[in-house]
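[1] Show me the folded form of this:
(one chain, ligands or ions: 1)
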Amino acid sequence: MADPVTGNLVACDLCGAKLAAHASYVVRIDVFADPSLPPTDGADLAGLDFDAAMAQIAAEAAHLTADDLQDGVHRRFEHRLCPRCHKRFLANPLGKPRDVRPASN
Ligand SMILES: [Zn+2]
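    Model (predicted):
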């Protein structure tokens, strides 16, 4: 049963802190391919073999899992953060740098 004072408790997805839902932040991230089409000219379109192009796409997709296909189209992440982690997240939403270690001197 929900505590009448704190309401529903949730856990911060970064530090694991338990806090009231109303005091937490939701981070929702949508990752999707840019919907714009690659530039084409008349020659490309005239030379396009639609059936061959579809066959190639189907062949390329055949060895991919449903998750792979979905990843290529759209991914949505949703996380819960405590106020402290929320502040740190906003300061660096992409978590840069990922692979570079900061110089120490
Ligand atoms: Zn946290």
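[2] At the geometric centre of this protein, which residue do we find?
    residue 31 (4.0 Å; C-alpha atoms, centre = their mean).
[3] Leaving out sequence neighbours, find the closest residue to that one.
    residue 75 (4.4 Å; C-beta to C-beta, 6 or more residues apart in numbering). Yep, even glycine has a C-beta here, placed from its N, CA and C like the rest.
[4] how many neighbours does the one you found have?
    When counting by other C-beta atoms under 10 Å, one arrives at 12 neighbours for residue 75.
[5] Contact partners for it?
    Residue 75 sits next to 29, 30, 31, 32 when contact means C-beta atoms under 8 Å, 6 or more residues apart in numbering.
[6] Okay, buried residues for the strand or helix carrying it please.
    Taking DSSP states H and E as the definition, one finds residue 75 inside strand 74-81. By neighbour count on 16 or more other C-beta atoms under 10 Å, the buried set for strand 74-81 is 80, 81.
[7] moving C-terminal of that strand, what's the next helix or strand?
    helix 83-91.
[8] Mind listing residues that contact that following helix?
    Helix 83-91 is contacted from outside by 12, 13, 14, 15, 17, 19, 23, 24, 25, 27, 81, using C-beta under 8 Å, 6+ apart.
[9] would you say the residue nearest to the centre of the chain is within a strand?
    Yes. Assessed by DSSP: H, G, I helix; E, B strand; the rest coil, residue 31 belongs to a strand.
[10] the helices in the protein, which residues?
    42-47, 50-62, 66-73, 83-91 (DSSP state H).
[11] circling back: for the contacts of residue 75, which one is nearest the ion?
    Comparing the contacts of residue 75 against the ion with C-beta to the ion picks out residue 29 as the nearest, at 16.6 Å.
[12] pLDDT wise, what is residue 52 at?
    Looking at residue 52, its pLDDT stands at 85.
[13] Give me the distance between it and the ion.
    52 Å (C-beta to the ion, to the nearest Å).
[14] quick one, what contacts residue 19?
    By C-beta under 8 Å, 6+ apart, the residues touching residue 19 are 9, 10, 11, 12, 82, 83.
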